[in-house]
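Novice: okay, here's the prediction I keep looking at, along with the sequence it came from:
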Amino acid sequence: MSRFGFPSTAEAVTSGIDLTGTTWVITGVSSGLGRESARVLALRGAHIIGLARSQDAAAATLSELSIQGTAVACELSDIESVRAAAHAIRGHALSGIMANAGIMALPTLRQTHGIEQQLFVNHVGHFELVRHLTPMLQPGARVVVLSSEAHRMAEKRGLELENAHGESSYHAWKMYGRSKLANILFARGLARRFEAAGLSQTANAVHPGVIQTNLARHVANPDRMFARLKHIEKTVEQGASTQCYVATHPDWSQTSGQYFSDCAVLEPIAAAKDDALAETLWTWSEALVNRI
Ligand SMILES: NC(=O)c1ccc[n+]([C@@H]2O[C@H](COP(=O)([O-])OP(=O)(O)OC[C@H]3O[C@@H](n4cnc5c(N)ncnc54)[C@H](OP(=O)(O)O)[C@@H]3O)[C@@H](O)[C@H]2O)c1
């Protein structure tokens with residue numbers, strides 16, 4: 001039973017937690033939930049390695065937040081940029097990674113390295129980044145992957161990797177949902193690898209809630225969408241709570257391979273708990289990034 005819930009803020013769930021001496025990698029630090037998570041983890045004493053599309057954007061965010069962190073460029077649609085980011089982070093002992101950056105509901109098909117862009121940015125880019133950072137994770141370190149309740153939109157079609165390019169059919173929301181299903185399966189696959197290797201690191205996925213951020217930039221009528229979702233809307237401060245809670249609180253130090261929402265474990269769709277599918281995704285992702 002979780003002691004926090006829907007209204008909790010990231011500050012509330014980390015209250016009393018001393019992160020002095022810890023180091024965290026956060027992607028998508030320049031906006032929304034990544035920015036708020038960086039602010040709050042730094043408030044608790046953590047060293048933040050903030051990743052954004054450009055070094056200037058990451059540095060500007062850390063400066064605006066008055067954080068003495070490390071700014072690193074990481075364009076997730078560019079594998080070379082992802083690898084350069086991992087290289088820049090080498091030498092740090094990491095307490096955790098928040099794979100937080102994301103894009104949503106691109107209205108028309110866009111591809112990156114021949115792969116539908118939401119799947120690439122939200123999943124493949126993070127897969128490559130985390131793969132390179134895993135050896136830097138300290139014992140007990142936690143990987144938190146931002147997913148979404150939108151993963152349920154992928155229920156009928158599943159991962160549909162045979163349509164990874166998006167050319168057989170393209171639907172903005174279903175493709176976003178697929179990428180968010182991939183986020184849960186990646187966390188699950190990573191958790192299984194940690195466990196199989198006898199390691200104490202954990203990996204979990206979270207849905208942050210519904211929060212008005214720049215994520216809606218590609219939605220045709222965001223005002224109408226948020227008006228419809230008003231009854232479940234959270235502030236950014238509340239929206240960042242689940243990822244900060246799962247990342248730092250002693251309550252979850254042993255929990256791995258789970259999906260969270262409102263600061264509690266939530267049951268995802270059956271496909272998100274399918275270990276064979278998680279392995280298929282892992283193998284597919286590995287082959288893809290090795291090919292690029
Ligand atoms: N907000 C919600 O209601 C909601 C609900 C469910 C799940 N989520 C998930 O929460 C996470 C954070 O979303 P948010 O609401 O904070 O959105 P946001 O305000 O748009 O922030 C997204 C961050 O990701 C970065 N990003 C986007 N594309 C990138 C790329 N190709 N390479 C590197 N960085 C990139 C953005 O950088 P730029 O600003 O430079 O583009 C930004 O810093 C996402 O994974 C999202 O799917 C959010």
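Specialist: Thanks, I have the structure now. Residues are numbered from 1 along each chain as shown.
Novice: which bits of the stretch 1-150 of the chain sit near the ligand?
Specialist: 28, 30-34, 52-53, 57, 74-77, 100-104, 121, 146, 148 (Cβ under 6 Å from any ligand atom). No exception for glycine: its C-beta is placed from N, CA and C like everyone else's.
Novice: go again using 8 Å as the cut-off
Specialist: Residues of the stretch 1-150 of the chain lying close to the ligand by Cβ under 8 Å from any ligand atom are 27-36, 51-54, 57, 74-78, 81, 99-104, 121-122, 125, 146-150.
Novice: same question, the stretch 151-292 of the chain
Specialist: Contact residues (Cβ under 8 Å from any ligand atom) of the stretch 151-292 of the chain with the ligand: 176, 179-180, 183, 207-217, 234, 236, 239.
Novice: which of those fall in strands?
Specialist: The strands, defined by DSSP state E, take in 207, 210, 211, 234 from these.
Novice: any idea which of the residues you listed has the most stuff around it?
Specialist: Within these, neighbour counts (other Cβ atoms under 10 Å) peak at residue 207, which reaches 24 neighbours.
Novice: that one - nearest residue in space that isn't next to it in sequence?
Specialist: residue 261 (4.2 Å; Cβ to Cβ, 6 or more residues apart in numbering).
Novice: kindly report the same for residue 163.
Specialist: Computed as Cβ to Cβ, 6+ apart, the closest residue to residue 163 that is not its neighbour in sequence is residue 169, at 6.6 Å.
Novice: burial count for that neighbour?
Specialist: Other residues near residue 169 come to 11 when the count uses other Cβ under 10 Å.
Novice: so it makes contact with residue 175?
Specialist: No - counting by Cβ atoms under 8 Å, residue 169 does not reach residue 175; the two are 9.3 Å apart.
Novice: and residue 84, that one's in a helix?
Specialist: Yes - counting by DSSP: H, G, I helix; E, B strand; the rest coil, residue 84 is found in a helix.
Novice: what about residue 276, which SS state?
Specialist: Using three-state DSSP, the secondary structure recorded for residue 276 is helix.
Novice: distance of it from residue 185?
Specialist: In this structure, residue 276 and residue 185 are 10 Å apart, going by Cβ to Cβ, to the nearest Å.
Novice: more crowded one of the two?
Specialist: Taking neighbours as other Cβ under 10 Å, residue 276 and residue 185 compare with residue 185 leading, 29 against 7.
Novice: helix or strand for the more buried one, which one?
Specialist: Here residue 185, judged by DSSP states H and E, is contained in helix 172-196.
Novice: now the lowest-mean-pLDDT helix or strand in the chain: buried residues?
Specialist: Least confident helix or strand of the chain, by mean pLDDT, DSSP states H and E, is helix 222-228 with a mean of 89. Across helix 222-228, burial judged by 16 or more other Cβ atoms under 10 Å covers no residue at all.
Novice: thank you, goodbye.
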